[in-house]
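1. heads up, no residue letters with this:
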């Protein structure tokens, strides 16, 4: 597993520590959950945009494929 150094200002770090404590887990677990959720959300958003572009330009894409 690779690691990323993530500088946090003191207030953000304190909020992260508080949330982790409330959830009964490590701060790293909270961050990992957040990154996974963000990636799922953005992947879905990008896929929806790509699908829309493909539908909008379907005729052009078909002609390019000929």
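-> All right, it came through fine. Here the structure is a predicted model, which means the values were calculated and not measured. Residues are numbered from 1 along each chain as shown.

2. For residue 55, list the residues it contacts.
-> Residues counted as contacts of residue 55 (C-beta atoms under 8 Å, 6 or more residues apart in numbering): none. For every residue, glycine as well, the C-beta is placed using N, CA and C.

3. Can we start the residue count at 39 from this point?
-> That works, and once the first residue is 39, the last one we named lands at residue 93.

4. give me every residue that touches residue 51.
-> Contacts of residue 51 (C-beta under 8 Å, 6+ apart): residue 65.

5. Quick one: mean pLDDT for whatever helix or strand it lives in?
-> Using DSSP states H and E, residue 51 maps to helix 48-61. Helix 48-61 carries an average pLDDT of 98.

6. What's the biggest helix in the protein, counting residues?
-> Using DSSP state H, we find that the single longest helix of the chain is helix 65-94.

7. What is the neighbour count of residue 68?
-> Per other C-beta atoms under 10 Å, the neighbour tally for residue 68 reads 19.

8. Not counting its neighbours along the chain, what's nearest it?
-> Excluding the flanking residues, the one nearest residue 68 by C-beta to C-beta, 6 or more residues apart in numbering is residue 58, at 4.9 Å.

9. No further queries at this time; thank you.
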